[in-house]
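Engineer: Prediction below, plus the sequence it came from.
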Amino acid sequence: MAKKPQLAIDTRPWRDTANNKPFVRIRNVSKKFGDIIAVDDVSLDIYKSELFCLLGGSGSGKSTLLRMLAGFENPTSGAIEIDGQDMTAVPPYDRPVNMMFQSYALFPHMSVEQNIAYGLKRDGLPRAEINARVEELLALVKLGDYGKRKPHQLSGGQRQRVALARALAKRPKLLLLDEPLGALDKKLREETQFELVKIQESLGVTFIVVTHDQEEAMTLATRIGVMNQGEIVMVGEPTDIYEFPNSRFVANFIGSANMVEGVVSEDEPDHIRIRSSELGCDIYVGHGVDCAPEQRLWWAIRPEKMVLSREKPAGLNGANVATGIVEEIAYLGDISVYQIALESGKRLRVSQTNSVRGNPDAITWEETVYVSWDEDAGSVLTS
Amino acid sequence: MRRGWFLPIAAALGFSFLYAPIVSLVIFSFNESSLVTVWSGFSTKWYGALFSDPQLLGAAWLSLQIAALSASIALVLGTLAAVALVRFRRFRGRTLFAGMVSAPLVMPDVITGLSLLLLFVAMEGFLGWPQGRGMLTIVIAHATFCTAYVCVVVQSRLSDFDRSLEEAAMDLGASPVRTFFDVTLPIIAPALVSGWLLGFTLSLDDLVIASFVSGPGSSTLPMVIFSKVRLGVSPDVNALATIIIGIVALGVLAATIVQLRSKPKNRQV
Amino acid sequence: MTTARDPTIPPPRRLKPWNAVERGLARVGITGRMLVLIAPLLWLLVFFLVPLAVVFGISLTSKQFGRPPYTPLLTSEDGMVQLTLHLNNYIRLFTDNLYVAAYLSSIRIAAIATIITLLVGYPMAYAIARAPDRWRNILLMLVVLPFFTSFLLRVYALTGFMRGNGVINQFLGLFGVEPLVMMQTDFAVYVGIVYTYLPFMILPLYTTLVKLDVSLFEASADLGARPIHTFLFVTLPLSLPGIIAGSMLVFIPAIGEFVIPSLLGGPETLMIGRVLWDEFFSATNWPRASAVAVAMLVVVVVPIMLLQRAQGAVVEK
């Protein structure tokens, strides 16, 4: 049994860039199709045994970037380095990279075993070794008895596992996954997410996953790179992305956020105060922010970071308390999401866990409530 | 969809129109007398006459050989041309190439036949080859125009082809050539077979071009039939027609059954 | 027992002899692409393009006895090379009524036949496209089957049908109708062309029609259009590429048809394909036949270009 590989998730090499060399270096890579810029000057460092997610909507450039890593597109400018070797001009069949395709791309005229063995045959491995490796992989993806079947005889989930096994067969340095869970139904997706992480951790292979599903990214990734219109807008660990977004785009893209516009009224090294007519009250932020007095900026707060109450809470320095009427309640079982209409017309979304079963005293429609939050509960965004 | 009366009737009429003459051919091939008018009794004597006619049999054999050769040559050329047209983005002379490949589809046979004959004659004069005209020249001529048809069939299949399969093969270490033989070719194989059959049929059926480029002693089946038929109705030709129709019908039927059976519900390629 | 291979070192790539050849050729500038192109390109150049040039060249010579039966273009005498062009073939084309009439008649006959084929083929294609899935393949097979039986034999079958004492007249005779003269007429040629070229019209039409989005018709009906209007204003315009493709596939070869006018037409049925044949085989006037061919090509080029453009549209759709 191979010794457990050192995982990026444990060592977090990106926090110490001085002493850690990245495994994949994407440097100033751009890709143009005629006049359309699909990828715009992207630079990214990915470390060994990371499970890195490229997250973005359609047209964000994430798939194009992935294809450039695989070798199916050539960058218009910039360089791609994998494990210290420049890969920019290397064709896909010569790269130590394998890809799991969105459509799985299983060869319909070959059986499951033949599909998995294909890459190994191209390497010229002896037959005994190929057979052993194929068996190993079938066991890994739990398809041991399905070796002789053809792709059209498998279910969607099974095909996905064959595609994964085939991509892992050659023990690539880098595995690229293009929307690997997109075609699966919700339940299967959740199960497969955990399996995928388990496999990655047991093998220690570096994964780069492209997805548009933020939940997926949050579950799978050691780090996430959020892409928008060909650019990387933020790179960070899931907690960073969620709790400390660097822009309105990221705040809105991941999870939901209440976005409030305001003007800086106090700018001190240890706190700032934002005056917001939308909110009908001031916002007190308990740390210094790089801004200037009278500057217009935005403040984002997640629904679960706010508290609802019938009595007016104390607030903080006369701020951080807003009031409004409950307009809508979405009961989701574990939580309820309240839509509060403020006097200015702005609507806030606040979520509360339903910790008391069948609470007769629960806040209900048309009630006037107070919404309050901590000094560090929201993010100040200048872009 | 509402079902009117017009469409089914129009379609039925159309199909009857298509098949009526053929059906009458078949029926009268069993006619005792040599007239196509009066049915005088069931007889298979025309089939007998057919098989004891050496000229006809010789011509049939020659046509079959020519058809097989031409179809095979056309298959290779047509597939290569289709690959070039579908896969290569832009190359110098692409329009010319595309034009040359598809022109034989619509070029009147007489022009194709005449031009090739004149070429062969001129070549013979300058190069000494080809010497005289015969099977070789017919094969060359047929291969040329069959290539166009093969190319159309393969082109249409290739442009529908799921490229991610080829990318997957390359990703796993197969060079482009290897990918073509391992993945692309097996999957488009039915189109290749269709193309070959199409070329075979067209070659077997060609009269005009063969008339131009054939030589003494190399009369193809259509040429023999034509000379017989010019003079009027010929019952042994009826018999021959019936046999050919029978073979073709069986072939097409078999092909359709194979296709329908091998197509599972969720074929996604 | 799997051999433990360090996953960070890629396995050695075995250089097959093929790779060496590939690299060697690449150095000379011959890429894989060119290898694919070269065979069909050369073949078509030699056996398609050059022959057309030869036809053009010979159309500028005159008939002469001997082998080959035409005057040479280039002659060399006393170290001088002389190019002799005879224009009399072309002059005759324009002055002799026969040729002009034959061209016009061919175009006329081909055009009328194409229109008839369209009228017959469109409903059939439409019916097949609207048919339930299971039936579609069978119906298509039925359309294509006659095409695979010999063209010659089918035309021959038509003669049996249309003769003075043929099947149709026999049938009409049952009702006491006088036998119609159908053979050796323009009418027979129309029937012949429609009969043999019908599959060529139906298939492109079917391809276009089957790709049409049914919800377009439903939207049209929803907006108040009666079926005939939906057909005229929605179906017909959208099926135009198929109509053009199918029509060109019938019209262009029909102009140069030989077998059909020869077996079904009369001495009055002038078609240029037959004229060419007669010039070549009966009159052994190769240069004249070549000139006829060149003129035919010119007549046919414009429709061919139309077809290329329509094919592009059909492929897009």
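Structural biologist: Noted; the coordinates are in hand.

Engineer: Please make it C-alpha for all contacts and neighbour counts, starting now.
Structural biologist: OK.

Engineer: any idea how the chain splits into domains?
Structural biologist: No chain was given, so I picked chain A. Annotated domains of chain A cover A:8-96+A:172-249, A:256-306+A:319-381 [automatic domain parsing].

Engineer: try chain C instead
Structural biologist: Chain C breaks down by automatic domain parsing into domains covering C:19-83, C:88-316.

Engineer: Tell me which residues of stretch C:156-172 come out buried.
Structural biologist: C:156-170 (16 or more other CA atoms under 10 Å in any protein chain shown).

Engineer: Out of the residues you listed, list just those in strands.
Structural biologist: Nothing among these maps onto strands, per DSSP state E.

Engineer: from those residues, which is closest to A:Val260?
Structural biologist: Relative to A:Val260, the closest of those is C:Leu158; by CA to CA it sits at 83.4 Å.

Engineer: Test my guess that that closest one contacts B:Pro21.
Structural biologist: Yes. C:Leu158 is within contact range of B:Pro21, at 5.8 Å (criterion: CA atoms under 8 Å).

Engineer: hmm, back to that, can you tell which of the domains of chain A is closest to chain B?
Structural biologist: domain A:8-96+A:172-249 (3.9 Å; CA to the nearest CA).

Engineer: Give me the average confidence score over the closest one.
Structural biologist: Mean per-residue pLDDT for domain A:8-96+A:172-249: 91.

Engineer: and it, does that touch chain B?
Structural biologist: Yes. Using CA under 8 Å from any CA of the partner chain, we find that domain A:8-96+A:172-249 touches chain B at A:70, A:72, A:92-95.

Engineer: All the helices of the stretch 101-250 of chain B, residue numbers only.
Structural biologist: Remark: helices assigned in the stretch 101-250 of chain B by DSSP state H, counting those that start in this stretch are B:109-127, B:135-159, B:163-171, B:176-179, B:185-205, B:208-213, B:221-229, B:235-262.

Engineer: just the stretch 1-150 of chain C next, same as before
Structural biologist: In the stretch 1-150 of chain C, the helices defined using DSSP H, counting those that start in this stretch lie at C:17-27, C:32-44, C:50-58, C:88-95, C:97-130, C:133-148.

Engineer: Quick one: closest of the ones you listed to B:Leu198.
Structural biologist: From the helices of the stretch 1-150 of chain C, taking CA to CA, the stretch that ends up closest is helix C:133-148, at 7.9 Å.

Engineer: what helices or strands is the closest one leaning on?
Structural biologist: For helix C:133-148, the packing partners by 3 or more CA pairs under 8 Å, 6 or more residues apart in numbering or on different chains; DSSP states H and E come out as helix B:6-29, helix B:185-205, helix B:235-262, helix C:97-130, helix C:186-210.

Engineer: what pairs with A:Ser372 across the strands?
Structural biologist: A:Val307, A:Val321 (DSSP bridges).

Engineer: I meant to write C:Met80 there.
Structural biologist: In this entry, C:Met80 is beta-bridged to C:Glu77, by DSSP bridges.

Engineer: if we can go back for a sec, I'd like the helices of the stretch 1-150 of chain C laid out as a markdown table, including mean pLDDT and mean neighbour count.
Structural biologist: Listed next are these as a markdown table, based on pLDDT from 0 to 100; neighbours: other CA atoms under 10 Å in any protein chain shown:
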| stretch | mean pLDDT | mean neighbour count |
| --- | --- | --- |
| helix C:17-27 | 58 | 11 |
| helix C:32-44 | 86 | 16 |
| helix C:50-58 | 91 | 20 |
| helix C:88-95 | 85 | 15 |
| helix C:97-130 | 91 | 20 |
| helix C:133-148 | 83 | 17 |
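
Engineer: May I see these organised as JSON lines, with distance to A:Val356 added?
Structural biologist: As requested, those are arranged in JSON lines below (distance: least, CA to CA, whole Å):
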{"stretch": "helix C:17-27", "distance to A:Val356": "72"}
{"stretch": "helix C:32-44", "distance to A:Val356": "71"}
{"stretch": "helix C:50-58", "distance to A:Val356": "90"}
{"stretch": "helix C:88-95", "distance to A:Val356": "102"}
{"stretch": "helix C:97-130", "distance to A:Val356": "60"}
{"stretch": "helix C:133-148", "distance to A:Val356": "57"}
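
Engineer: closest to B:Ser227 out of those helices?
Structural biologist: When the helices of the stretch 1-150 of chain C are compared by CA to CA, helix C:133-148 sits nearest B:Ser227, at 21.4 Å.

Engineer: Quick check: B:Leu56 vs B:Leu50, distance?
Structural biologist: Distance, B:Leu56 to B:Leu50, by CA to CA, to the nearest Å: 7 Å.

Engineer: And these two? Which one has more around it.
Structural biologist: A side-by-side neighbour count of B:Leu56 and B:Leu50, using other CA atoms under 10 Å in any protein chain shown, places B:Leu56 first with 22 against 18.

Engineer: residues in contact with the more buried one?
Structural biologist: B:50, B:221, B:224 (CA atoms under 8 Å, 6 or more residues apart in numbering or on different chains).

Engineer: want to throw those into JSON lines with pLDDT and distance to chain A?
Structural biologist: Shown next, in JSON lines, are the contacts of B:Leu56 (pLDDT from 0 to 100; distance: CA to the nearest CA, whole Å):
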{"residue": "B:Leu50", "pLDDT": "80", "distance to chain A": "45"}
{"residue": "B:Leu221", "pLDDT": "91", "distance to chain A": "40"}
{"residue": "B:Val224", "pLDDT": "90", "distance to chain A": "45"}
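
Engineer: wait, which of those residues is closest to C:Met141?
Structural biologist: Proximity of these to C:Met141 (CA to CA) peaks at B:Leu221, which lies at 25.5 Å.

Engineer: Isn't the closest one up against B:Ala60?
Structural biologist: Yes. In this structure, B:Leu221 is within contact of B:Ala60 by CA under 8 Å, at 5.0 Å.

Engineer: Which one of the two is surrounded by more residues?
Structural biologist: It is B:Leu221, of B:Leu221 and B:Ala60, that has more neighbours when counted by other CA under 10 Å, with 23 against 18.
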